[in-house]
Structures are given as C-alpha cells and as structure tokens.
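> This is a predicted model, with the sequence first.
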Amino acid sequence: MDASIFANLWLGLQTAGSFINLFYCLIGVFLGTAIGVLPGLGPVATIAMLLPITFGLPPVTSLIMLAGIFYGAQYGGSTTAILINLPGESSSIVTALDGHEMAKQGRAGKALATAAWASFFAGTVTTILIALFSPPLAEVALKFGPAEYFSLMVLGLVASVVLAHGSLMHALGMIVFGLLLGIVGTDVNSGVARYSFDLPELIDGINFVVVAMGVFGLGEIICNLETETERSLMVKKVSGLMLDRNDFKAIAAPVLRGTFLGSILGILPGGGAMLSSFAAYAFEKKVSKNAANFGKGAIEGVAAPEAANNAGAQASFIPMLTLGIPSNPVMALMIGAMIIQGIQPGPSVMVEQPALFWGLVASMWIGNVMLVILNLPLIGLWVKMVSVPYHLLFPAILVFCCIGVFSLSNASFDIYFMAIFGLAGYVFRKLECEPAPMLLGFILGPMMEEFLRRALLLSKGSAMVFVTRPISATMLVMAALVMVSVMLPALRKKREEVFVEDE
Amino acid sequence: MSSLIKSPKDFWTGVLYFGFGAIAFWIARDYAFGTASRMGAGYFPTVLSGLLMFFGVLALLRGVTQRGAPFGAFAWKPALIITASTLAFGLLLTRAGLIVSLIVLIFGSASASAKFRFEWRATLLALGLIAFCVLVFIKGLGLPMPLFGSWFGE
C-alpha cells in the first residue's frame, strides 16, 4: 500500500514535471493570481474567464493549468483582501480582518508573506492527504451503484445549501432551478430535445461556461457597479517580506491548526475554502494566547485562516476526484472542464487514467511551490494591479468574458445567453438567492437524471431501492439531518452569526 | 397590494420559482413521461418542475405572512447597460467586426459607471485593449472573428 503510493506519486511527479505541464502550471498560477488579484473578481469568475484557454490543451495539461489558476486566484484574493480590504471572494473575508489591519500598520509585507507560507504549508500537507485518502475512497466508490450515486448527489447538493446565505428555501429552489437548466438539450436516452425551443444552439444544452461567466462574471460586475465606492490602497509599496524567527514561532501553531481544520472541513460535501477559513479564525480566536489582538492586526489571525482556506480548497479536490461530486462551484467548474475534455469524473479516473490523476495531485504541490516563488518577488506587480480603478477595469473584464464565451463554439448565441444569465444573476442576488447552488445543480443535473433512471430501472421502478441499500440510505439520512439542523433555530442563529461577520 | 406583500424578497422569489416551474411543467407535458422503471424524457423534468413550484409556493406563503427586509434599490441603469452592451457586442461581432463591436462594448459598458467620462487616458487604455484583442485573439489564436464584418463587405 505504502509503496504503491510512492510509485503513484512518482508517476504523478513525472507527469506534472514534464516541461509542457510545468509551463502551463506556471502560466495558470500566474494568470490566476493576476486576475484573482483584481478587485471584485473571485475564483469562480476568474476560472470561468480563463477556462476557454484550456480547452485546446491535452486533458492532463488543461486540468493542471486549471488547478494552477485556482490556487493563483485563491492567493490573489488574499492579496487583495490584505491590501485594500476588499475580499474578492468569501473565503478571504476573514483574512481581511487582521491582514488589512496589519497593512494599515505598515506590516503588509509580513501579512502577505504569512499568507504565502501558511498556504504553502497547508498545500503541501493536503497534497499528501489527497494521495493517502483518495485511493481507498475511490475503491469504496467503485462499488457504488446508481442508487448510491444518486443519494450521494442529493447529499452533496443539500450540504451545499448549508453554506448559502439567506433562506434555506431559496437555496433549495436554486438547486432545483439549476438541475432543470442542466437538462436542457437532447435527452441521451430518447433523443428528445428538451426545453430547446426549437433553437439549434440549445440542442447540445447550455454550456456551463456561459452560465458561470454570466452569473459570476457579469452578475458580479453589475453588483459591484451598484455600490461603487472608492477603494483606498493603504500601501503604495510593500516591503519587509521576510519573516523573522519570532514570526515563524507565532504562526507555527495557528498554521498547523488551520491546516488540520481546513483539510477536514474541505472534504465534507458543501465544505471548502470558505467554511474552513471562518472556522479556523473562530477557533484560533478562542485558543490563541494573542486573542486580545485579533482584529487589530494579529499575525495569527492571518496565518490560521489562510492555511485553512488553502487546505480546504485543496481538500475539496478529494470528493471531486474520487466521487465526481463537486462540493463547491469551483469544483463544479473543474468537473465541467473534465467532461468537456471527455473524461467522466468519478472513481474510475484514478484506475483508468492514473497519469492524469496523479499528475494533477503532484501538480498541486508544484503549483504551491510556484505560488511562493512567484508571488513574493512579484508583489510589486500585484500592488499595481490592485490599484487599477474599477471603472477602468470592468469593461476589460467584460471584453474577455465576451470573447471567451464566443470562442466556445464561435457563436454569438452564447454571448446573448451570457448576457441573460448576467442579468438573472444580478436579480437572484437582489432576491437573496445564492447562485452557487444553482451552478452545482446545473452540473449535476444530467448525471442525477441518468443515475436515477438506472437505479429505478434496476429496481423495477421501486423507489425503495434508495432506502434499502445501506450506503444510499445512510447518505439520505445524512442529507435529512443536514437539512433539519439548518432549520433548527439554535443552529440557524449560529449560521447567521457566521455570515454577519462578512458584512 | 403592497400591504399584502410582507416580505418582498420572499414573495418575488416565489413568483419567479413558481413561474419557471409552471412553464417547465407545461412544456414537459409534451415529453413522454414513461414509468418509474422506464423513465421517459419527461419524467425528471416533470418531477423537478413540480418541486420548483412547491418551493415557489412556500416562498410565496412566507412572502405574505412573515415580515422581511425590503427589496432594496435595484441598479437598473448598470444592469441594463451591461446587459445591452453585451448583447450589442454579440449582435455586431459578425456584422460589423471585432473593432467596432469592441468600441461599442467598451464605451457602452463603461458608461454604466458613475465615474465614466471621456478622457485621454481611458480612451488610450481602451484603444490599447482593442489592439491587444486583435493581436492576441485574431492574429495569435486565430479565433474566427472578422476584423471588419459583413457590413464592410468582408
């Protein structure tokens, strides 16, 4: 077992270490950071924007590049949070609390270096965890029948709701809405074109990039324009990137705790970077000796959530790679990219395409190394990019969204659809309907239908199959528990408290 | 009417969910439903649209019973400008070509910002962006976008 893991990792390193893969990993990390650093652009929008670039690449290379973009965007978001207190994504919100305070005190360099090292450490640990836990999990998953998969998807979707802002009902509705959107197009089984309104462009369904770019790209632009505020860049020049011994001493334990929490919460369906960073910050505030300084520029308050959010982000690859279930919108995009590359996500990926699987795992670590090497020297460039005023920036974002979407199938039709989804995304946000669950539903829609169909075919139409098979029943019970727990008043209050912090 | 709606966000979400659900349900009637053991093309969509209508009704009920936060200001201007300039880009791309449609998209969308004004720096940036797009996407990546479209006889 142990030996095979080393053999696998070696295979992965060989794959990821090839010149072309290293090159695209570097490009991915660079572009991801560059775009992620831009204020008002979160990882989902960044990845959606850059996705079309990767479609022409071979599968391994494209996934490696996408993963690179993801880490880059994640790190870029933290940089923005620290420098201008404008987190581009929810998982950087907590980083901004202490990180921006540090920047105000002239310690921006230290905050950025802490974020880099904490992320690097967490990334390294999580890479090892993925290597250790994925094979046994995939082995279990290989025994899953359609009923288990269906229930697993129900659990994944329900769990994703826990993290959505606002009302549970709104989020559940968004999931169903996403599922419905997902089945637009030709039904694989009967060949009937569903909800295509006789438009030939809809026969193949709606491209997920169009949805993601519309809702997360355009929708966010409109949202940002609604509250156009002057952003103050505290720091014109960042110096003092070196951490001394005392700093390392201060952050060692918080980083360890953050990594631990992040990797556990990241594996859970619905978990990921955001939950991890919130939990790590709250936990650290309780146990730290320096708790009094939290919120006033405590280095521990940067280290713990940064480690946790990177660990969480990376650990969410585990369910994605082994089960084919996305636990957050970023993973949903990764799954969409895999499907476009002709890879059916699920446990068989590891067996059938070991080079792809282990190459991706190894590239995670390489990507983290690149982040540290790239970001600390390039910080001057990032500072310049952060200070681009938004009113000059968003037309450019729009341009890249439009051209990117056009390039999908060289059709203006996709641009029209993106515009509609952009407007819809804004309306949904105004109604407090989170778009993230919709994207998960959208990706899972066709798969869920297929698994439901097969499960019911095997059971001769009896829905009891979902509760008589133990694994499937367990997952449905868990989904029900999650749902009940969200509705319980005590927990609901707590959940609101967590989200209040980001206002 | 407005005294009936106690929580506008819930109410309108309900309207939206129920509306979409009903339309999807209506359309799905044309697809073969099949049986549980042999699901037709209409089975899953019908179940889903039923669920969506159900959530819609719940939201509607909450909208008229529980007091909730007001809707808040809707940024009509940016929303419409961004949507319209994106649509215009799509419409113009093959007809007028990349350069014209980019000009429309960039200056059109930029006018959505309260800080928008014509100045040489921003104009220069826009021209730089257009040059970049032409060089990278048409010359470099060879995307099939015309520089000047059918209106210019290409």
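Done, it's in.

> And the contacts of the helix or strand containing A:Ile318?
Applying DSSP states H and E as the criterion places A:Ile318 in helix A:317-323. With CB atoms under 8 Å, 6 or more residues apart in numbering or on different chains as the contact definition, helix A:317-323 has outside contacts at A:67, A:129-130, A:133-134, A:137-138, A:141, A:152, A:156, A:266-267, A:269, A:325-327, A:331, A:334-335, A:345-347, A:349-350, A:357, A:360-361, A:364. Backbone N, C-alpha and C define where each C-beta goes, glycine included.

> Tell me how far it lies from the chain's centre.
13 Å (CA atoms, centre = their mean, to the nearest Å).

> all strands of chain B, in order?
Taking DSSP state E as the criterion, chain B contains no strands.

> and A:Gly191, how many neighbours?
8 (other CB atoms under 10 Å in any protein chain shown).

> Report the central residue of chain B.
Compute the mean C-alpha point of chain B, and by CA atoms, centre = their mean the closest residue is B:Thr83, 6.7 Å away.

> Model confidence score at it, please.
According to the prediction, B:Thr83 has pLDDT 94.

> Test my guess that it contacts A:Leu423.
Yes: here B:Thr83 reaches A:Leu423: they are 4.7 Å apart, a contact under CB atoms under 8 Å.

> intersection of neighbour lists for these two?
Common neighbours of B:Thr83 and A:Leu423 (CB under 8 Å, 6+ apart) are A:Leu218.

> show me the residues around the most far-flung residue of chain B relative to its centre that make contact.
Here the centre of chain B is the reference, and by CA atoms, centre = their mean the most remote residue is B:Ser37, at 37.4 Å. Neighbouring residues of B:Ser37 by CB under 8 Å, 6+ apart: A:456-457, A:459-461.

> Among those residues, which one has the most neighbours?
Most surrounded of the contacts of B:Ser37: other CB under 10 Å gives A:Leu456, at 24 neighbours.

> And the pLDDT for the nearest residue to it once chain neighbours are set aside?
Counting by CB to CB, 6 or more residues apart in numbering or on different chains, B:Ala36 is the residue found nearest to A:Leu456 once chain neighbours are left out, at 5.0 Å. On pLDDT, B:Ala36 comes in at 83.

> and B:Ala36, backbone torsions?
B:Ala36 has phi and psi values of phi -60, psi -40 when expressed as degrees, to the nearest 10.

> where's stretch A:93-110 relative to the chain centroid, distance-wise?
The answer for stretch A:93-110 is 24 Å, by CA atoms, centre = their mean.

> average pLDDT for that stretch?
83.

> what does stretch A:311-323 give?
87.

> distance of A:Val142 from A:Ala111?
Quick fix: residue A:142 is Leu, not Val. Distance of A:Leu142 to A:Ala111, computed by CB to CB, to the nearest Å: 44 Å.

> Between these two, which has more neighbouring residues?
Higher neighbour count among A:Leu142 and A:Ala111: A:Ala111, with 32 against 13, using other CB under 10 Å.

> mind listing what's buried in the helix or strand harbouring that one?
Using DSSP H and E, A:Ala111 maps to helix A:108-142. For helix A:108-142, the neighbour count (16 or more other CB atoms under 10 Å in any protein chain shown) marks A:108-127, A:129-131, A:134-135, A:137-138, A:141 as buried.

> Please tell me I have it right and A:Phe406 contacts B:Leu93.
Yes: here A:Phe406 reaches B:Leu93: they are 6.8 Å apart, a contact under CB under 8 Å.

> Are there residues contacting both of the two? Which ones?
A:412, A:415, B:145.

> For the residue nearest to the residue farthest from the centre of chain B when sequence neighbours are not counted, give me its contacts.
Spatial nearest neighbour of B:Ser37, excluding adjacent residues (CB to CB, 6+ apart): A:Gly461 at 3.2 Å. Applying CB under 8 Å, 6+ apart to A:Gly461 gives the contacts B:35-38.

> ok, now with 6 Å
Residues near A:Gly461 by CB atoms under 6 Å, 6 or more residues apart in numbering or on different chains: B:35-37.

> Is it part of a helix or strand, or is it coil?
coil (DSSP: H, G, I helix; E, B strand; the rest coil).

> Moving C-terminal from the helix or strand harbouring A:Leu393, which element do we reach first?
A:Leu393 is part of helix A:390-409, with elements assigned from DSSP H and E. Using DSSP H and E, the helix or strand that follows helix A:390-409 in sequence is helix A:412-430.

> For that following helix, name the packing helices and strands.
Identification of packing neighbours for helix A:412-430 by 3 or more CB pairs under 6 Å, 6 or more residues apart in numbering or on different chains; DSSP states H and E yields helix A:208-212, helix A:219-226, helix A:390-409, helix B:76-96.

> Name the residues that touch it?
A:201, A:210-211, A:213-215, A:218-219, A:222-223, A:402, A:405-406, A:408, A:435, B:79, B:83, B:86-87, B:90, B:93.

> so where's the chain uncertain?
Since you didn't name a chain, this refers to chain A. A:1-3, A:86-91, A:162-166, A:228-240, A:269-272, A:489-503 (pLDDT under 70).

> You answered for a different chain; I wanted chain B.
For chain B (pLDDT under 70), the answer is B:1-3, B:154.

> Chain A contacts on that one?
Proximity of chain B to chain A, by CB under 6 Å from any CB of the partner chain, involves residues B:9, B:12-13, B:17, B:24, B:31, B:35-37, B:39, B:41, B:44, B:48, B:51-52, B:55, B:58-59, B:75, B:78-79, B:82-83, B:86-87, B:89-90, B:93, B:106, B:109-110, B:112-115, B:129, B:137, B:143-144.

> tell me, how many neighbours does the closest residue to B:Met145 other than its chain neighbours end up with?
Nearest non-adjacent residue to B:Met145, counting by CB to CB, 6+ apart: B:Leu98, 4.8 Å away. When counting by other CB under 10 Å, one arrives at 25 neighbours for B:Leu98.

> where does A:Phe144 land in three-state SS?
Looking at A:Phe144 with three-state DSSP, the answer is coil.

> any idea how far it is from A:Arg454?
Distance from A:Phe144 to A:Arg454, by CB to CB: 12 Å.

> Could you pick out the residues of the stretch 201-350 of chain A near chain B for me?
So far as CB under 6 Å from any CB goes, the stretch 201-350 of chain A lies against chain B at A:221-222, A:225-226, A:228.

> circling back to that earlier point, can I get the helices and strands packed on helix A:412-430 in a markdown table with distance to A:Ser485?
A markdown table is the format used below for the helices and strands packed on helix A:412-430 (distance: least, CB to CB, whole Å):
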| stretch | distance to A:Ser485 |
| --- | --- |
| helix A:208-212 | 29 |
| helix A:219-226 | 30 |
| helix A:390-409 | 38 |
| helix B:76-96 | 36 |
